[in-house]
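Novice: Sequence and predicted structure, then a few things I'm wondering about:
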2 protein chains.
Amino acid sequence: MPARVTTLKELAASLGLSITTVSRALAGHQQIALKTRERVAQAARQAGYVPNTAARALVSGRSGFVGLVLPIRGPNLVDSFLGEFVTGLGEGLVSHGADLILATAAQDQAEIAVLRHVVESGRADGVVVTRIAEVDERLAYLRRRGFPFVAHGRQLDSDFAYNWLDTDGAHAFGEAFDMLYDLGHRHFGLVTISEPMTFRHLRQDGLAAAIARRGDPSVRLDVATAPRFDRGARIQAVNRMLHGPERPTAVVALFDELALTVMEEAARAGLTVPRDLSVIGFDNVLASAYAPPGLTTFDASIRQCAREIADMLLTVIADRPAEPLTRLIRPTLVPRASHGPAPRTRN
Amino acid sequence: MPARVTTLKELAASLGLSITTVSRALAGHQQIALKTRERVAQAARQAGYVPNTAARALVSGRSGFVGLVLPIRGPNLVDSFLGEFVTGLGEGLVSHGADLILATAAQDQAEIAVLRHVVESGRADGVVVTRIAEVDERLAYLRRRGFPFVAHGRQLDSDFAYNWLDTDGAHAFGEAFDMLYDLGHRHFGLVTISEPMTFRHLRQDGLAAAIARRGDPSVRLDVATAPRFDRGARIQAVNRMLHGPERPTAVVALFDELALTVMEEAARAGLTVPRDLSVIGFDNVLASAYAPPGLTTFDASIRQCAREIADMLLTVIADRPAEPLTRLIRPTLVPRASHGPAPRTRN
DNA sequence: GCAAAAATTTAAAACGTTTGCAATTCCGAA
DNA sequence: TTCGGAATTGCAAACGTTTTAAATTTTTGC
């Protein structure tokens, strides 16, 4: 391996040129003679020259990084999409030569403090924020700072515009209802969470809208609510729904983990899915394919979304478009075996 | 919100001090009067001053980042532990004020090229490398460069020492064998992959060693091998094993995805797990809890391992210890319902 | 063959921080 | 007061790059 040249100064010296010329040649400036540019490029390649990131960032004011504050959910709980999400981001960034910074909040530290630090230390040229709450202080902060960002998800009734990409949960839940209605179901259950997340709101609205659209007064909807991360409470809520005086014939869950709980509790109660009960989830987590009889759900193609988010963010960083960029992605139905015709007789 | 001060110069000016003094005061140097230090700290906090990362990195030669080259497996395949792994790394790094850089290899780009770039551009002070092959050029490169790194996994018969943390797969597979043997099993199956990964080697060795240790000549072991990512070939290999003249009563799979395939194919063949066939996996992926009847497997607590890897790496970066750091982590058995006593009669 | 224009190259400043060394201030002792 | 030394503060260089403005070389037109 040839001796590595670490700085522009060394490279320039070895070529008998000035630092300026070498810098410009590597950047491909037209004003440098083509012959020189080629000579420099060749020498740089051969010497294994790689420009120093810090120096470049210092003078240009751009770090070439995009930031993501790691969403940590709990000591034993990791965001199930994190892997797909960062992979998608990485894929989207790499074609533009950008890299991803993952900043983590310490235990006692608020996520927004980490975000602040990332933004204000110049570590990143832009950030992506995930898991948007109905009213999210992070978005307000970023907007105030005028810092480039793209949100994965939306605020509710935002009083300002911003760049976002979201999954069309409302449409999916409407689609789920329509499918189940056409299979004869009239008594529905909805398993949801108590936290104020926008996606909860939108999905529920989508379901309600579909019901209203149908205009059938015989349609009935029961709702079971539990805190997002409280497994015990969730099981209780599901069981209240399954063992009420009249049981829904079809249950729609806000996301797969809730749907899997429904299937487990249904099995425990001696119910057969989908003969006695149809269940539909949302997210298409790995387990939904393996949990018997196979959960019908929606796939939001997180990786692809993340790739688009990366593209959007790089556009925002480079062009600062006047109009905010927004994308609504329609999730695809993954039909498996947990849904079917409504049972003939109520028990 | 008060006007934000972005540079040391501004902060110094507002205090009527020199840049030097302010810099030293913030760094907590004793030579600066205590009163001054407090005054500066107070002003910095109030003004929301955050030092510029690039400038600091340039002068100190340290970026404060740790690098990870994103392991991308394929267009639709994401390393299932990636989320846990980066979360653990983040947790380990945050207490030392370090952040994580995720660099991604473009489609046609070798992972080592990305690694090179990360190392040589000064983006990171150290890197962690995962999925170590039996002979891994990345380790050789990093060693040649004298660049701080910690490997998650080991080379086979390495001719140099380095820092690593690995899961004790050999021990786990021995434990699995002993447990199954004590349940009466004598005819074993091993489902494995054809790729030269160290973990394959070690786990197989652990199994073989346990068999030898037992010294029972009636023990028999069938091996089914398929390429790691070829689902079709995997299913074929499993079926050959299940439909051979004599079928094993217990199957140990190199990792959960293989074990789940075994369970699926066993169900398809009308076999009941664990009555007719015991199955044990490795990894404890989410689906292993949901796949009926629940897969007995081993948990390597990836997140905790990643946290330790972060600690190790930070130690290596700071202290450059003469002796390499190594940690062997024993995975814990997660007993579920896919293993049981050997069937009385062979069919 | 010469001046002007075009093409190419370079010197020097700047980015925001840390740090070796020098300068200043402060204090008590003479 | 004045001096010495300790305590405190500040100047200026350095890190490796990009960029403005200027200098140099080459080419062109007559």
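Specialist: Received, thanks.
Novice: what's residue A:79 in contact with, if anything?
Specialist: Counting by Cβ atoms under 8 Å, 6 or more residues apart in numbering or on different chains, residue A:79 makes contact with A:71, A:73, A:85, A:130, A:131, B:83, B:87. C-beta here means a position set from N, CA and C on the backbone, and glycine is covered the same way.
Novice: if you set the cut-off to 10 Å instead, what comes out?
Specialist: A:70, A:71, A:72, A:73, A:85, A:86, A:130, A:131, B:83, B:84, B:87 (Cβ atoms under 10 Å, 6 or more residues apart in numbering or on different chains).
Novice: any chance you could read off phi and psi for it?
Specialist: phi -50, psi 120 (degrees, to the nearest 10).
Novice: pLDDT score assigned to it?
Specialist: Note on residue A:79: pLDDT of 79.
Novice: any chance of the contacts of residue A:79 in CSV, with pLDDT, secondary structure and distance to residue B:47 too?
Specialist: Formatted as CSV, the contacts of residue A:79 follow (pLDDT from 0 to 100; DSSP: H, G, I helix; E, B strand; the rest coil; distance: Cβ to Cβ, whole Å):
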residue, pLDDT, secondary structure, distance to residue B:47
A:70, 87, coil, 28
A:71, 77, coil, 30
A:72, 75, strand, 29
A:73, 72, strand, 34
A:85, 95, helix, 35
A:86, 95, helix, 34
A:130, 94, coil, 30
A:131, 89, coil, 31
B:83, 92, helix, 37
B:84, 92, helix, 39
B:87, 94, helix, 33
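Novice: Now list the buried members of these.
Specialist: With burial judged by 16 or more other Cβ atoms under 10 Å in any protein chain shown, the buried subset of the contacts of residue A:79 is A:70, A:71, A:72, A:85, A:86, A:130, A:131, B:83, B:84, B:87.
Novice: ok, the third one touching residue B:87?
Specialist: Yes: with contact defined as Cβ atoms under 10 Å, residue A:72 and residue B:87 form a contacting pair (6.2 Å).
Novice: Identify the contacts common to these two.
Specialist: A:78, A:79, A:82, A:104.
Novice: Of those residues, which is the most crowded?
Specialist: Within these, neighbour counts (other Cβ atoms under 10 Å in any protein chain shown) peak at residue A:104, which reaches 26 neighbours.
Novice: where does the stretch 51-200 of chain A dip in pLDDT?
Specialist: Residues of the stretch 51-200 of chain A meeting the criterion pLDDT under 70: A:75-77.
Novice: ignore the last one, the stretch 201-347 of chain A
Specialist: For the stretch 201-347 of chain A (pLDDT under 70), the answer is A:345-347.
Novice: hey, where'd the strands end up in the stretch 101-250 of chain A?
Specialist: Assigned by DSSP state E, counting those that start in this stretch, the strands in the stretch 101-250 of chain A fall at A:126-129, A:149-152, A:164-167, A:187-193, A:220-226, A:250-253.
Novice: Which elements pack onto the last one?
Specialist: With contacts defined as 3 or more Cβ pairs under 10 Å, 6 or more residues apart in numbering or on different chains; DSSP states H and E, the secondary structure elements packing on strand A:250-253 are helix A:169-182, strand A:187-193, helix A:198-214, strand A:220-226, helix A:231-242, helix A:256-268, strand A:278-280.
Novice: what are the bridge partners for the residue most central in space within chain A, then?
Specialist: Nearest to the mean C-alpha position of chain A, counting by Cα atoms, centre = their mean, stands residue A:152 at 5.1 Å. Judged by DSSP bridges, the bridge partners of residue A:152 are residue A:165.
Novice: looking at it, it is touching residue A:130, isn't it?
Specialist: Yes: with contact defined as Cβ under 10 Å, residue A:152 reaches residue A:130; the gap is 4.4 Å.
Novice: Need the overlap of contacts for these two.
Specialist: The contact sets of residue A:152 and residue A:130 overlap at A:68, A:81, A:85, A:306, A:309 (Cβ under 10 Å, 6+ apart).
Novice: In helices, which of these fall?
Specialist: A:85, A:306, A:309 (DSSP state H).
Novice: So residue A:235 versus residue B:324, what's the distance?
Specialist: Noted for residue A:235: a distance of 48 Å to residue B:324, by Cβ to Cβ, to the nearest Å.
Novice: neighbour-wise, which of the two wins?
Specialist: A count of neighbours by other Cβ under 10 Å puts residue A:235 above the other of residue A:235 and residue B:324, at 16 against 13.
Novice: That one contacts residue A:264, correct?
Specialist: Yes: Residue A:235 is in contact with residue A:264 according to Cβ under 10 Å; the separation is 8.3 Å.
Novice: related to what we said a few turns ago, most tightly surrounded among the strands of the stretch 101-250 of chain A?
Specialist: strand A:250-253 (a mean of 28; mean count of other Cβ atoms under 10 Å in any protein chain shown).
Novice: Near chain B, which residues of the stretch 151-300 of chain A are found?
Specialist: Counting by Cβ under 10 Å from any Cβ of the partner chain, the stretch 151-300 of chain A comes close to chain B at A:257, A:260, A:263-264, A:267, A:285-293, A:295.
Novice: Most neighbours of all these, which one?
Specialist: residue A:295 (30 neighbours).
Novice: Skipping adjacent residues, who's closest to that one in space?
Specialist: Nearest non-adjacent residue to residue A:295, counting by Cβ to Cβ, 6 or more residues apart in numbering or on different chains: residue A:288, 3.9 Å away.
Novice: repeat for residue A:156
Specialist: residue A:134 (4.2 Å).
Novice: List the residues that contact the one you found.
Specialist: Going by Cβ under 10 Å, 6+ apart, residue A:134 touches A:154-158, A:195-202.
Novice: Just the buried residues out of the residues you listed, in PyMOL syntax.
Specialist: To isolate the buried ones among those in PyMOL, judged by 16+ other Cβ under 10 Å, type:
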select buried, chain A and resi 154+155+156+158+197+198+199+200+201+202
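Novice: All set, thanks.
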